[in-house]
Each structure stands twice: as C-alpha cells, then as structure tokens.
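A.B. asks: this is a predicted model, with the sequence first.
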Amino acid sequence: MPIAVIMPKFEMSQETGKVARWLKDEGAHVEKGEVILEVETDKLSMEVEAKAGGRLVGISAAAGEVVPIGQPIAYIIVPGESWSPGAPVGQPTPEAAASAGPAPADAATGLRASPLAERMAAEHGLDLRLVPGTGPSGRITREDVEAQFALQVAAGSGQGAGQAHSVRAVPAARRLARESGIDLAAITGTGPDGRIQSADVALAVRASVTQPASHEVPLAAPVVAPATGGRPAVRRVVPLTSIRRTIAERMTQSVREAPQFTVSVDVDMGRAMAMVQDFRIGTEAQQGPKVTVTALLVKACAWALTQFPGANAMFQFDPAAPATGPSIIEWDEVNVGVATAIDQGLIVPVVHGADRLGMKGIATRLADLTARAREGRLKLDDLQGGTFTISNLGMFGIDRFTAIINPPQAAILAVGRVAKRAVIREDDRVAVCQMASFALTADHRVLDGAGAAQFLATIQRALEYPGLLLG
C-alpha cells in the first residue's frame with residue numbers, strides 16, 4: 001500500500017505548512033531517512049525525510065503552495081506496486097482492524113499508545129482502535145496516527161463520525177470550537193480549500209459575544225482615527241505576523257491552562273565564570289566552539305533534572321477522554337531547550353540528551369543550533385522533544401525577570417545578567433561577588449512550592465560548586 005508523505009506538524013499550534021522546494025522529482029527513487037523536501041513555517045525552514053524507501057509518486061503540492069497539516073502531498077511506493085494519478089488509497093476497515101486483534105492494553109487507555117499519539121488522535125478525531133501500531137509490541141506511535149489520518153483524508157472519509165467531523169477544519173480549530181461551544185458547520189473557513197482555521201473560530205467566538213458598534217472602524221481599515229474623547233490618536237495598526245500570533249496563542253494557552261508560580265534566588269557565579277574562562281582558554285588552543293555561560297547553564301540544569309526528576313515532567317489531561325483522568329508524566333530523557341531570538345521572532349532549539357553530554361559537547365551542539373537557527377536551517381528534531389527550557393536575557397543587561405512556561409513542560413528558568421554586587425558573608429564580612437538572579441516558573445499541577453524551591457536550590461548548588469558537573 002502506498003505510504004503517504006504528509007505535511008508534518010512542527011509546532012503544537014501549527015495549522016499549515018508551505019512547500020519550499022522538492023529535493024526529489026516525481027518518480028525518483030528515495031531511501032528511508034533521505035531528505036525529500038523542505039517545508040517553511042513562520043519561523044524557519046525544515047527538512048522532511050522519507051519514512052520508507054521506494055519511488056516518490058503523486059506529488060500534489062508544488063513549491064510555494066500552502067497545505068494544511070496532515071494532508072498528503074505525495075506517496076512512496078515500494079517495488080512491485082503501481083501508481084496512477086487519482087488512484088484511491090485504501091485504508092483498513094473496522095472489520096479488518098477487528099480481525100487483526102487488539103493491541104496489548106495499557107491500564108489507563110485500554111490500548112498501547114504513546115501519550116503524543118493519544119493527543120494527536122484526539123485532535124484528529126481518530127479512533128485508536130482502528131490505528132495499526134508499528135511500535136514495540138504493537139504500540140501505536142505518532143507516525144501511526146499521522147499515517148492513518150493521511151489515509152482517511154486521501155480516501156475522503158473525513159475525521160470521524162458526526163456532523164462536526166464532516167467539516168474541513170484543522171485540529172486546533174476543532175479543539176477551540178469544542179471548548180467554546182461553537183458549531184463548526186456555521187463557520188466559513190479561510191484556509192486552503194476552505195478549511196477552517198483557528199482564527200476563523202476565534203472570529204466566530206468574538207461575534208457570538210458582541211457585535212461591534214456601527215461607528216467603529218475595523219483595524220484593517222487604512223484610515224487613521226483622530227484622537228477623540230481623550231483617547232490618543234492612532235499612529236498605525238500593526239497586524240500580527242504568523243510567528244507573533246503563534247507566540248501569543250501559545251503563551252495565552254500556557255497562562256490560561258497552567259497555574260503558574262515563581263520562586264527566585266541569587267546565585268554566586270564566581271566559580272562558574274572561572275570554569276567558563278578555563279574552558280575558553282582550552283578551546284582557543286584547540287580552535288573548537290567556545291564554552292559559554294549558556295552552555296554551563298544547560299549542563300547545570302540537566303544535572304539538576306537528573307537529581308530532581310519531578311521537574312522533568314508534564315501534566316496531561318485529555319478533555320476528549322476524561323475517563324482516563326489527569327496524570328503527571330516524568331520523562332526518561334533530559335532535553336533542555338534554549339530560548340533563542342532570531343529576526344523572525346523567538347524559537348526554542350533543544351539540546352537532546354544534555355545530561356549525557358560534557359561541557360564541550362553542549363557548546364558544540366549550541367553553536368550548531370544557533371548557527372542553523374539564524375540561517376533558517378533547523379530540522380524538526382531540533383525543535384521537538386524539549387522537557388525543560390532556559391530563557392537567558394543576561395546578554396541584554398537584564399538583572400531579573402520571570403518567564404512563562406513553554407507548554408507542555410512543567411517549568412522554565414529565567415536567568416539575568418552576571419554582575420558584581422556587594423554581598424554580606426555569614427561572618428559579616430562584605431565581599432564583592434559575581435552574582436546573578438535566577439527565577440524558576442513552575443506549573444503548580446506538577447510541582448508544589450517546596451519542590452520548586454528544592455529544584456532551584458539544586459541548580460544553585462551546581463553553579464556555585466561547578467565541579468559537581470564534572471563527575
């Protein structure tokens with residue numbers, strides 16, 4: 001059966017992707033894992049790899065075309081299979097799925113499926129019982145859900161039973177409509193092929209609450225309103241870019257869904273800065289990437305996360321499956337994201353397996369991620385899988401600030417600049433020390449105040465005694 005190449009989802013709130021260019025032509029042979037096309041998002045350009053080896057056929061989205069996530073844009077067929085344009089793509093029937101027998105059951109869901117696969121199935125309205133699992137022991141993976149959704153779209157079967165699922169809408173729009181009590185059938189979609197986007201649902205929600213007065217001027221109007229009633233004159237109206245809208249939606253979601261609180265501490269960075277300087281002297285002799293304060297922060301946080309796994313976690317609750325109940329998932333991997341500013345906005349590249357890397361390894365990884373981020377060459381894996389985030393504004397001269405959690409993570413660390421301050425020691429001596437303010441914002445559903453304080457104290461200990469990180 002042909003394997004669908006679908007428009008991938010890079011971000012939680014992403015609804016469409018733009019085909020930048022195909023690196024393989026129609027009919028070309030491709031190997032599994034080979035890069036076959038580049039896709040542009042609002043933030044950067046990503047490479048898409050072939051999920052199987054075979055011949056690339058049925059390319060339906062040309063360069064420059066915007067396509068909804070999950071929609072097939074090509075297929076890969078193996079030797080012996082044939083392909084003709086417009087040929088229907090089969091999908092397992094409920095009878096076939098039932099005859100294949102159920103996958104080994106988990107206690108929580110009755111099926112063996114990864115948490116990400118369960119969330120994606122809920123967003124797409126897919127019945128996991130009809131999704132063949134290709135993971136270990138028949139476990140359903142993210143790729144299985146994506147493949148099943150692609151088959152349903154190609155076969156024109158929609159996303160599930162009922163009128164709501166017969167309407168063409170992206171998963172994020174369906175979720176927003178469900179939460180807001182809006183009927184998707186009454187909304188006109190502005191996306192490709194009339195597909196309903198989140199913005200369409202948001203507009204319907206605002207319209208259902210209130211209607212604008214007839215004298216109000218729409219924001220998109222080219223007229224600049226004069227000052228009236230003490231209100232200052234409008235200089236200009238700046239429409240939100242896609243990346244700014246994404247940031248706004250994600251941060252609003254974070255604040256709305258997660259009860260957040262912040263604990264802070266001042267850290268003596270004297271020994272840490274000396275260690276960074278020692279590494280820099282060593283790397284200059286070897287002409288390798290410079291070990292930066294950020295690299296040390298990543299290492300310290302990774303070490304602390306291994307000591308305090310309760311912070312390396314997320315809160316999970318699926319409104320579409322309330323019977324499973326809420327749960328806390330503690331990750332087995334320590335993947336530290338670093339908030340990075342680029343011309344287009346803010347992104348969070350991830351240092352995977354940071355707890356297994358040394359200082360030089362982290363410095364090399366950060367240098368590579370930063371360079372490719374600025375050039376728009378990051379890959380999907382570079383942005384996914386983060387379990388904790390660091391936001392460092394010290395290079396901008398900021399002393400202290402609080403950050404908003406990057407969902408679905410449980411915590412984020414805000415780091416201010418390292419500056420000399422007068423500090424009173426325990427023996428009442430006054431010393432000049434290199435100090436920095438750290439603020440940890442945590443999800444109260446996952447961490448309590450005492451737990452967050454202990455975790456932050458663990459980070460403080462790692463930085464004030466950085467020799468611990470070399471063990």
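C.D. replies: That came through, no problem.

A.B. asks: how is this structure carved up into domains?
C.D. replies: By the assignment in automatic domain parsing, the chain contains the domains 3-164, 165-207, 258-470.

A.B. asks: redo those as TSV? Include distance to residue 252.
C.D. replies: Quick note: C-beta positions are derived from backbone N, CA and C, even for glycine. Below are these laid out as TSV (distance: least, C-beta to C-beta, whole Å):
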stretch	distance to residue 252
domain 3-164	10
domain 165-207	11
domain 258-470	9
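
A.B. asks: will you turn those into CSV that also has distance to residue 250, mean pLDDT and mean neighbour count?
C.D. replies: Converted to CSV, the domains of the chain look like this (distance: least, C-beta to C-beta, whole Å; pLDDT from 0 to 100; neighbours: other C-beta atoms under 10 Å):
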stretch, distance to residue 250, mean pLDDT, mean neighbour count
domain 3-164, 6, 71, 17
domain 165-207, 11, 72, 18
domain 258-470, 7, 91, 18
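
A.B. asks: quick one: closest of these to residue 238.
C.D. replies: domain 258-470 (13.9 Å; C-beta to C-beta).

A.B. asks: got the end-to-end distance for that closest one?
C.D. replies: Start and end residues of domain 258-470 are separated by 35 Å (C-alpha to C-alpha, to the nearest Å).

A.B. asks: just stretch 372-383 next, same as before
C.D. replies: 12 Å.

A.B. asks: how far out from the middle of the chain is that stretch?
C.D. replies: 13 Å (C-alpha atoms, centre = their mean, to the nearest Å).

A.B. asks: what do you get for stretch 47-63?
C.D. replies: With C-alpha atoms, centre = their mean as the basis, stretch 47-63 stands 24 Å off its chain's centre.

A.B. asks: same check, this time on stretch 27-44
C.D. replies: 20 Å.

A.B. asks: please apply the same query to stretch 272-282.
C.D. replies: With C-alpha atoms, centre = their mean, you get 33 Å for stretch 272-282.

A.B. asks: over to stretch 437-451?
C.D. replies: Taking mean C-alpha positions (C-alpha atoms, centre = their mean), stretch 437-451 and its chain are 21 Å apart.

A.B. asks: where do the helices of the stretch 51-200 of the chain begin and end?
C.D. replies: Here the stretch 51-200 of the chain has its helices, by DSSP state H, counting those that start in this stretch, at 94-99, 115-124, 142-155, 163-166, 171-180, 198-209.

A.B. asks: and the stretch 251-400 of the chain, by the same measure?
C.D. replies: Taking DSSP H, counting those that start in this stretch to define them, one finds helices in the stretch 251-400 of the chain at 270-286, 293-307, 359-374, 380-383.

A.B. asks: quick one: secondary structure of residue 452?
C.D. replies: Following DSSP: H, G, I helix; E, B strand; the rest coil, the label given to residue 452 is helix.

A.B. asks: could you check how far it is from residue 439?
C.D. replies: Going from residue 452 to residue 439 by C-beta to C-beta, to the nearest Å gives 11 Å.

A.B. asks: do the same with residue 447
C.D. replies: Residue 447 is 14 Å from residue 439, by C-beta to C-beta.

A.B. asks: same check, this time on residue 120
C.D. replies: Using C-beta to C-beta, we find residue 120 at a distance of 33 Å from residue 439.

A.B. asks: need the longest strand for the chain.
C.D. replies: As assigned by DSSP state E, the longest strand anywhere in the chain is strand 430-443.

A.B. asks: can you give the distance of it from its chain's centre?
C.D. replies: On C-alpha atoms, centre = their mean, the centre of strand 430-443 falls 28 Å from the chain's centre.

A.B. asks: other SSEs contacting it?
C.D. replies: strand 260-268, helix 270-286, strand 411-415, strand 419-424, helix 449-464 (3 or more C-beta pairs under 8 Å, 6 or more residues apart in numbering; DSSP states H and E).

A.B. asks: these two touch, right, residue 457 and residue 264?
C.D. replies: No - in this structure, residue 457 is not within contact of residue 264 by C-beta atoms under 8 Å, at 11.5 Å.

A.B. asks: and the contacts of stretch 365-373?
C.D. replies: With C-beta atoms under 8 Å, 6 or more residues apart in numbering as the test, stretch 365-373 has contacts from 44, 289-290, 292, 294-295, 298, 338, 340, 342, 347, 349, 351, 357, 378, 382.
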